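*Asks:* Sequence and predicted structure are below.
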There are 2 protein chains.
Amino acid sequence: MKFSAQEEYGLRCLITIGLKESATIPEISREEGLSEHHTAKLLSILRKAGFINSTRGHIGGYRLARPAEEIAISGVLEVLGGKLYDKRFCAKHSGLLTMCTHVGSCSIRSVWRQIQDAVDTVLDRVSLADLLAEAEVSILDLPKDRAGLKNHELRQVTNVH
Amino acid sequence: MKFSAQEEYGLRCLITIGLKESATIPEISREEGLSEHHTAKLLSILRKAGFINSTRGHIGGYRLARPAEEIAISGVLEVLGGKLYDKRFCAKHSGLLTMCTHVGSCSIRSVWRQIQDAVDTVLDRVSLADLLAEAEVSILDLPKDRAGLKNHELRQVTNVH
DNA sequence: GCGATACATGACATAATAGTCTAGATTGCG
DNA sequence: CGCAATCTAGACTATTATGTCATGTATCGC
């Protein structure tokens, strides 16, 4: 069970846009250390899903389509990485058979569902606004705690991530 | 965020062994609808991780290395599919940079951790014994509820999976 | 209008995952 | 012993996820 790269990077891009109100691909790309093409691809997914709006042209860029409070992280992750346990799951895992052998007696399915529920419970409580608030606090805290530290020193303090 | 095929199939194989006390590759392969080679690969992972023991030769096969009560599903899934959020995660997702831009201010990391905790809480409560009990009950229930139904009828009742 | 700055899109290349196949080693039985 | 049933290991292939690239479209300011 893993988070996909698309979930990680896509969510980061969304946070960047939220923090800056408005941002262009080159800006986001620079901030997150992604190529512009890669960034464009991720933003395209977020835009098609209705989380952000785009404006073309000289002073164009992206901004949130709705207030951050109304953007649930669960929805964002679903678009970027799919549902953990979706309806097609069992159909896709019937091995060589056309039908899963466990019809009517699938004890694993219940575990998957429980996990899905637990994850949903966490995610439904978190909106983009929560993440933005957290990011802002962290940035403000930084100079106080770590003023004067070089990058390689910082790495040790924070154990990288 | 997805379950991997290896997690799904590997766990199923373990359940089959638990239910039958002892099972061979051809048996498990038949029950789960997997090729024998595929089954062998999955069992090899489970064996190396110490969940099952193997015996070669004519009357060989696999059996649980410990009582099902002592086999935590969390451990099994970790071996089959890795941790959801492990230490190398952020290092692997720094994009083109050698170091993540969010050192010291990573709001996403906290979401990933919360999800990881929620999943762990669910999984730590479940042992292989719980899954075996559930599987046995389901099998016993079947004839009562669905006696006389053909496969294609069953499919409709149970909505496949 | 035209050039600079942006976004849009789909084909392509690369890497990770999933699953197959070949060859070999071990054990029990007659 | 020699054969059949069983596990073991690792190379190979196919599929999917990731990320790049080339090309095209829209908007603004001059």
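*Replies:* Alright, I've got the coordinates.
*Asks:* Contacts only, for residue A:38.
*Replies:* Applying CB atoms under 8 Å, 6 or more residues apart in numbering or on different chains to residue A:38 gives the contacts A:9, A:29. Yep, even glycine has a C-beta here, placed from its N, CA and C like the rest.
*Asks:* Please, which helix or strand holds it?
*Replies:* helix A:36-48 (DSSP states H and E).
*Asks:* buried ones in that helix?
*Replies:* A:38, A:39, A:42, A:43, A:45, A:46 (16 or more other CB atoms under 10 Å in any protein chain shown).
*Asks:* Can you tell me which of these is nearest chain B?
*Replies:* The nearest member of these to chain B, counting by CB to the nearest CB, is residue A:38 at 8.0 Å.
*Asks:* before we move on, back to that, check the buried residues of helix A:36-48 and tell me the two furthest apart.
*Replies:* By the measure CB to CB, A:38 and A:46 form the most distant pair in the buried residues of helix A:36-48, at 13.1 Å.
*Asks:* Using the three-state scheme, assign the residue of chain A found nearest DNA strand D.
*Replies:* Residue nearest to DNA strand D within chain A: residue A:57 (2.6 Å; CB to the nearest atom of the strand). Secondary structure, DSSP: H, G, I helix; E, B strand; the rest coil: residue A:57 is coil.
*Asks:* so what's the backbone phi/psi at it?
*Replies:* Residue A:57 adopts backbone torsions of phi 90, psi -180, taken as degrees, to the nearest 10.
*Asks:* Repeat that for residue A:125.
*Replies:* phi -80, psi -20.
*Asks:* Check it and give its pLDDT.
*Replies:* For residue A:125, the model assigns a pLDDT of 89.
*Asks:* Do I have it right that residue A:111 meets residue B:135?
*Replies:* No - contact between residue A:111 and residue B:135 fails when scored by CB atoms under 8 Å: they sit 11.2 Å apart.
*Asks:* quick one: the helices in chain A?
*Replies:* Using DSSP state H, the helices found in chain A span residues A:5-20, A:25-32, A:36-48, A:73-81, A:88-92, A:107-124, A:128-146, A:151-158.
*Asks:* closest to residue B:72 out of those?
*Replies:* helix A:107-124 (12.0 Å).
*Asks:* Using CSV, write out the CA atom coordinates for the closest one.
*Replies:* C-alpha atoms of helix A:107-124 as CSV (Å, rounded to 0.1, in the frame of the first residue of the first chain):
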residue,chain,number,x,y,z
SER,A,107,-12.6,-12.1,4.4
ILE,A,108,-10.0,-9.8,2.9
ARG,A,109,-12.5,-7.5,1.4
SER,A,110,-13.7,-6.6,4.8
VAL,A,111,-10.2,-5.6,5.9
TRP,A,112,-9.7,-3.5,2.8
ARG,A,113,-13.1,-1.8,3.6
GLN,A,114,-12.1,-1.1,7.1
ILE,A,115,-8.8,0.5,6.0
GLN,A,116,-10.7,2.5,3.4
ASP,A,117,-13.1,3.8,6.1
ALA,A,118,-10.2,4.7,8.5
VAL,A,119,-8.5,6.6,5.8
ASP,A,120,-11.7,8.4,4.7
THR,A,121,-12.3,9.4,8.3
VAL,A,122,-8.9,11.1,8.5
LEU,A,123,-9.2,12.7,5.1
ASP,A,124,-12.7,14.0,5.5
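*Asks:* what's the angle from it to helix B:5-20?
*Replies:* Inter-element angle recorded for helix A:107-124 and helix B:5-20: 140 degrees (by axes from the mean of the first three to the mean of the last three CA atoms, to 10 degrees).
*Asks:* Name the residues of helix A:107-124 that are buried.
*Replies:* Buried residues in helix A:107-124 (16+ other CB under 10 Å): A:107-109, A:111-112, A:114-116, A:118-120, A:122-123.
*Asks:* So is that helix next to chain B?
*Replies:* Yes - using CB under 8 Å from any CB of the partner chain, helix A:107-124 reaches chain B at A:107-112, A:114-115, A:118-119, A:121-123.
*Asks:* Give me the below-cutoff pLDDT ranges for chain A.
*Replies:* Where chain A drops to pLDDT under 70, the residues are A:87-88, A:91, A:98, A:101-105, A:138-161.
*Asks:* one step back: the helix holding residue A:38 and DNA strand D in contact?
*Replies:* Yes - using CB under 7 Å from any atom of the strand, helix A:36-48 reaches DNA strand D at A:37, A:38, A:40, A:41.
*Asks:* What of stretch A:5-20?
*Replies:* Yes - Stretch A:5-20 reaches DNA strand D (CB under 7 Å from any atom of the strand) through A:5, A:6, A:9.
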